[in-house]
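J.: Just the structure for this:
(one chain, ligands or ions: 1)
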Amino acid sequence: MELKNKKLSRDEFLKIREEVLNQWPTGRDVDLEEAAQYLKSVPDYKNFCVKLKKAKDEGITLAQPRAGVALVDAHIELLKYLQNEGGADLLPSTIDSYTRQNRYSECEVGIEESKKAGRSMLNGFPAVNYGVKECRRVYESLELPLQARHGTPDSRLLSEIIHASGWTSNEGGGISYNIPYAKSVSVEKSLTDWQYCDRLVGIYEEMGIHINREPFGPLTGTLVPPSMSNAVAIIEGLLAAEQGVKNLTLGYGQCGNLIQDVAAIRALVEQAEEYFKEYGYDIELTTVFHQWMGGFPADESKAFGVICTGSAAAALAGATKVIVKTPHEAVGIPTKEANAAGIKATKQTLNLLRGQRLPLSKELKDEIELIKAETKCIIDEVLKLGKGDIAVGTVKAFEAGVLDIPFAPSRYNAGKMLPARDNNGAVRYLEFGNVPMNKEIRDYNRKLLEERAKYEGRDVSFQMVVDDIFAVGRGVLIGRPE
Ligand SMILES: CCC[C@H]1O[C@@H](n2cnc3c(N)ncnc32)[C@H](O)[C@@H]1O
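T.: A predicted model of the protein is given here:
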């Protein structure tokens, strides 16, 4: 295995770069020195790192939507609306699915079809096809920091183009943008390609330019136990830090039990800081809380209930930012009005809870300790498999099912671990597969699920998993038997 968790030398990086910039004609417009000068002109109020740090210092939670359409002028109009009408604190450009698979020829078709149809025929913004000039036009049309949000196993060319365009944050990682998004991309390949994306940020950092990286916390967004998503977030953070990334936002997707959700964020910060300190990385760390990523109720009023619950959990957890859902979640790409409505409902909730935090009760403290202990079991085994190299260990951990993401499409994922909610709605391990938890943790998870089974008058079973997957869309958290 070529892969190792070691910072790419500048020569190694530049050698790969030649191939990367030739993947599509727009790659030829990227010039590192020219891009650095452009990035140095980004004012503080439009730099992701600066805005996140200010929010962290002030103890407030920022609101960021997802948004992306095929044509540049419409995309600018959409983002301006979310900025001015929605009140967004940070802006995305959600990138389309063809770009995520490096299928740029099909993006060209989608762009032409969108022009003919007079509406977006892509499910996001095809940044690679537009290239630096148009991506800079998007950035220059707005008054907020701009981030690329996508799901791209090979994001090398996309990263080059968006950063050269003044976009000071990129979401993703070698695990979080492969396993939940692709079927046949090897973990070794996506980890290698994301080392390139992180090394690019490291090179900009060496030039005095601060760029934020945000591993994708929720993964499949389907009952992912907090310790599994925290383990992946910390691993991706360590891999990014080795490549010279200095500014990281680690994330988590709302599960629904308030104590567990707050505990997950608190555990993530504490444990990530412990690992960065142990490995000697000086990281400016912030957190992102994703509003419920599972099935939504179609009824828009009920959808707002889900949106505001997620906003409250983010605020009470003290997350630096929250990713906003919309009342159109159950149907598809939201209109700009629905997207703005989701932001406004979110900010109303954040403002009402500003400065409030969930007190450190015994229940909260115990949940934090449990999540940290579970996460440690996983990461310890990853390091053991990699003989100390966390990149090599990650590849082997997926092969062994030590890292195992529930309901992931990737054929590199074991898919043996199964989650289900306990009687309070917290997500627990129903089947461990080869996830290496110690006996005390295994017994405790089982005990909690047995409590639910007793209450519901049925056995612990896969049916609980199925019931929980559909529950929120049906208006409840726990999938109780009919
Ligand atoms: C992991 C991200 C899934 C979420 O990402 C939203 N999403 C995807 N594409 C767009 C887009 N083009 N505009 C606004 N939201 C979008 C979906 O609704 C879902 O909630």
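J.: residues contacting the residue most central in space within the chain?
T.: With distances taken as Cα atoms, centre = their mean, Phe216 lies nearest the centre of the chain, 1.9 Å away. By Cβ atoms under 8 Å, 6 or more residues apart in numbering, the contact set of Phe216 is Gly151, Glu171, Gly172, Gly173, Ser176, Tyr177, Pro180, Gly251. C-beta: built from backbone N, CA, C; applies to glycine.
J.: and if we set it to 7 Å?
T.: If you count contacts by Cβ atoms under 7 Å, 6 or more residues apart in numbering, Phe216 has them with Glu171, Gly172, Gly173, Ser176, Tyr177, Gly251.
J.: And for it, nearest residue in space, chain neighbours not counted?
T.: Distances taken as Cβ to Cβ, 6 or more residues apart in numbering put Ser176 closest to Phe216, at 3.7 Å, once the chain neighbours are dropped.
J.: and that neighbour, how many neighbours?
T.: Residues near Ser176, counting by other Cβ atoms under 10 Å, number 27.
J.: Then the one 5 residues further on?
T.: Tyr181 has 23 neighbouring residues, counting by other Cβ under 10 Å.
J.: Glu482 too?
T.: 4.
J.: quick check, Thr287 in a helix?
T.: No. Thr287 is assigned strand when assessed by DSSP: H, G, I helix; E, B strand; the rest coil, not a helix.
J.: now the helices for the stretch 1-150 of the chain?
T.: 10-21, 32-40, 48-58, 72-84, 97-100, 104-117, 127-140 (DSSP state H, counting those that start in this stretch).
J.: List the buried residues for the first one?
T.: The neighbour-count check on helix 10-21 (16 or more other Cβ atoms under 10 Å) flags Phe13, Ile16, Arg17, Val20, Leu21 as buried.
J.: Take the residues you listed and lay them out in TSV including distance to the ligand and pLDDT.
T.: Listed next are these as TSV, based on distance: Cβ to the nearest ligand atom, whole Å; pLDDT from 0 to 100:
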residue	distance to the ligand	pLDDT
Phe13	29	98
Ile16	27	98
Arg17	28	98
Val20	25	98
Leu21	26	98
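J.: so what's the residue in the stretch 251-400 of the chain that the ligand sits nearest to closest to, chain neighbours aside?
T.: Using Cβ to the nearest ligand atom, Ile333 is the residue of the stretch 251-400 of the chain that sits closest to the ligand, at 4.8 Å. Leaving aside its sequence neighbours, Ile333 sits nearest to Asn123 (Cβ to Cβ, 6+ apart; 6.0 Å).
J.: Then Glu374?
T.: In space, and not counting its chain neighbours, Glu374 is closest to Ser227: 3.3 Å by Cβ to Cβ, 6+ apart.
J.: Could you name the helices and strands sitting against the helix or strand hosting that neighbour?
T.: Per DSSP states H and E, Ser227 falls inside helix 226-242. When contacts are defined as 3 or more Cβ pairs under 7 Å, 6 or more residues apart in numbering; DSSP states H and E, helix 226-242 packs onto helix 187-206, strand 247-253, helix 258-279, helix 362-385, helix 390-400.
J.: mind checking which of the ones you listed is nearest Leu62?
T.: Between Leu62 and these, the shortest gap by Cβ to Cβ is with strand 247-253, which sits at 10.4 Å.
J.: For the ligand, tell me whether the closest one is touching it.
T.: No. Judged by Cβ under 6 Å from any ligand atom, strand 247-253 and the ligand are separated, with a smallest distance of 8.8 Å.
J.: Listing partners with orientation, what would you give for that strand?
T.: strand 212-214 (parallel), strand 284-290 (parallel) (DSSP bridges).
J.: Show me how far that strand is from its chain's centre.
T.: 7 Å (Cα atoms, centre = their mean, to the nearest Å).
J.: got the angle between that strand and helix 48-58?
T.: With axes from the mean of the first three to the mean of the last three Cα atoms, to 10 degrees defining the directions, strand 247-253 sits at 70 degrees from helix 48-58.
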